[in-house]
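Asker: I would like the atomic coordinates for the input below:
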Amino acid sequence: MNGTVNKNLAMLLENSEIDALHSRLSAIQEIQGNPMGVEIKKIGNAFCYSCKNIPGPAFNTVKGLNSEDAGHVDEILEFYRQKEIPVRFELTPAHASTELLHQLHRLGFYQNDFHTTLYMPITELSAPVEDSISIRKMKMHEASTYADIYVQGFQMPAFLKDGVAQNNEVLFDHDQWTFYLATVEGEPAGIGAVFIKDHIATLAAAATLPSSRNRGIQSGLIQQRIYQAYREECSLVVGQAKFGSVSQNNMERAGMRIGYTKAIWMKG
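Answerer: Residues are numbered from 1 along each chain as shown. All right, here's what the predicted structure looks like:
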């Protein structure tokens, strides 16, 4: 793979992100009684994800919508209307069209945000991790530690910690998922996850404790996951980040390139 951005590569990047979210939410859905209220429905080419008891857009979103889906938009809107969840469309340059954007605009939607998708063909080993940072794989019994760092790193309310732990614990023994813990002087400082399918490694959630920032922890976690992708003979690493964020900058420093900027559309 030469890594030149074209429509086929863009679709590959988008599908890797869909695969990772699909795997995560399918595992959460299988928790006894489905306490998070997860529902996944494919309408046309679009994957509609709903997680009633996890607020926010990360798990309540539409991915894969394309120009062929104009006739399915009303059905998608009804899916979320019944759940009383706002609709959030994630549109990529490979799938968007003037006609689709006009249709969403007529229905009262507007572009609300941008999100960056990055990638890197695997051709060589990444740089070594800083000596001051120790990174190792996590085990299922450490799901609480993962959740604690995640909640603090993303400045979430502390009462969400148990839910975060439960929703990630179900993935710890999953063959396609690997979770990492970064420590500094023996103390937990950061976490990161990677999902691997079809020789593509998708960098999933990563977070650092506020007190441990600016010490190269996220860069180290990125390098570690790229190294895993290399060892498992992946051809590509994919990641997502808020446009212009520290996370995007860290991925670029690790050698990842911008594949495209995704448009986030919501209703006004």
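Asker: How is this protein divided into domains?
Answerer: Domain assignment of the chain by automatic domain parsing yields the ranges 7-116, 123-234.
Asker: Give me the buried stretch members for stretch 164-176, please.
Answerer: Val164, Ala165, Gln166, Asn167, Asn168, Glu169, Val170, Leu171, Phe172 (16 or more other CB atoms under 10 Å). Heads up, the C-betas are built off the backbone N, CA and C, glycines and all.
Asker: Take those residues and keep only those in helices.
Answerer: In this view, the buried residues of stretch 164-176 that belong to helices under DSSP state H are Val164, Ala165, Gln166, Asn167, Asn168, Glu169.
Asker: Include pLDDT when you put those into a markdown table, please.
Answerer: What follows is these, written out as a markdown table (pLDDT from 0 to 100):
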| residue | pLDDT |
| --- | --- |
| Val164 | 92 |
| Ala165 | 93 |
| Gln166 | 93 |
| Asn167 | 92 |
| Asn168 | 94 |
| Glu169 | 94 |
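Asker: Among these, which one lies nearest to Ile149?
Answerer: Within these, distances to Ile149 taken as CB to CB reach their minimum at Val164, with 9.8 Å.
Asker: which ones are touching the closest one?
Answerer: Tyr146, Ala147, Tyr150, Val151, Met156 (CB atoms under 8 Å, 6 or more residues apart in numbering).
Asker: Just give the closest residue to the first one, not the sequence neighbours.
Answerer: The reference is to Tyr146. Sequence neighbours aside, Ile191 is the residue nearest to Tyr146 in space, at 5.1 Å (criterion: CB to CB, 6 or more residues apart in numbering).
Asker: check contacts around the one you found.
Answerer: Neighbouring residues of Ile191 by CB under 8 Å, 6+ apart: 138, 145-146, 149-150, 153, 179-182, 205-207, 221.
Asker: and with 6 Å instead?
Answerer: Under the criterion of CB atoms under 6 Å, 6 or more residues apart in numbering, the contact list for Ile191 reads Tyr146, Ile149, Leu181, Ala207.
Asker: Then Leu13?
Answerer: Residues touching Leu13, when contacts are defined by CB under 6 Å, 6+ apart, comprise Thr117, Tyr119, Val238, Gly259.
Asker: How many residues are close by Asn60?
Answerer: A count of nearby residues for Asn60, using other CB atoms under 10 Å, gives 19.
Asker: pretty sure it contacts Ile85?
Answerer: Yes: the criterion here is CB atoms under 6 Å, and Asn60 meets it with Ile85 at 5.2 Å.
Asker: Next one, pLDDT for Glu99 please.
Answerer: Each residue has a pLDDT score; the one for Glu99 is 91.
Asker: Next: Val129.
Answerer: Confidence at Val129, expressed as pLDDT, is 58.
Asker: heads up, I number from 8, so please use that
Answerer: Renumbered: residue one is now 8, and that last one reads Val136.
Asker: about what we covered before: from the buried residues of stretch 171-183, which is closest to Ser219?
Answerer: Of all the buried residues of stretch 171-183, the one with the least separation from Ser219 (CB to CB) is Val171, at 18.5 Å.
Asker: separation between His181 and Cys241?
Answerer: Using CB to CB, to the nearest Å, we find His181 at a distance of 17 Å from Cys241.
Asker: Ile224: what's it in contact with?
Answerer: Under the criterion of CB under 6 Å, 6+ apart, the neighbours of Ile224 are Ile140, Ala189, Ala196, Gly197, Thr215.
Asker: Assign the nearest residue to the first one once chain neighbours are set aside to helix, strand or coil.
Answerer: Leaving aside its chain neighbours, Ile140 sits nearest to Gly227 (4.6 Å; criterion: CB to CB, 6+ apart). Of the three states, Gly227 takes helix according to DSSP: H, G, I helix; E, B strand; the rest coil.
Asker: What confidence value was assigned to Gly227?
Answerer: Reading off the per-residue confidence, Gly227 sits at a pLDDT of 93.
Asker: now, which of the contacts of Ile224 lie within strands?
Answerer: Secondary structure from DSSP state E places Ile140, Ala189, Ala196, Gly197, Thr215 of the contacts of Ile224 in strands.
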